[in-house]
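Colleague: model the following, please.
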Amino acid sequence: MPCLLVLFALFVPRVVIVLLWLFTHWFSGIFQIALWPVLGFIFLPTTLLWYTVVVHWFGGQWTLVPIIGIVVALLIDLSPASGRRRRVIVR
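Modeller: Numbers count the residues shown, from 1 in each chain. All right, here's what the predicted structure looks like:
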């Protein structure tokens, strides 16, 4: 089940954020103010999810694996193809 959630999070991270916020306490106590998760939801959803994973699963320790993960999440969020999908016209 966790593997399916990870795959789902990569394809539709905003839906996963909303589901986690509605049905779990995943985001409780991580942020001091509500501005950061809102900005993360709007601009960097995959990075927001990875940050919360590091806080929960890695205890907030930024070792090699979490740093590589945050770089990959930033690349996913900031890639030019993340906000749009091109249609391929086959002739």
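Colleague: end-to-end on stretch 8-17?
Modeller: 11 Å (Cα to Cα, to the nearest Å).
Colleague: could you count how many residues lie near His56?
Modeller: Neighbour count of His56, defined by other Cβ atoms under 10 Å: 12. Using the backbone N, CA and C atoms, a C-beta is placed for each residue, glycine as well.
Colleague: residues contacting it?
Modeller: His56 sits next to Trp26 when contact means Cβ atoms under 8 Å, 6 or more residues apart in numbering.
Colleague: contact partners for the residue most central in space within the chain?
Modeller: In the chain, the residue lying closest to the centroid (Cα atoms, centre = their mean) is Thr46, at 2.3 Å. Neighbouring residues of Thr46 by Cβ under 8 Å, 6+ apart: 9-10, 13, 73, 76-77.
Colleague: what's the answer for Leu74, then?
Modeller: Applying Cβ under 8 Å, 6+ apart, the residues near Leu74 are 44, 47.
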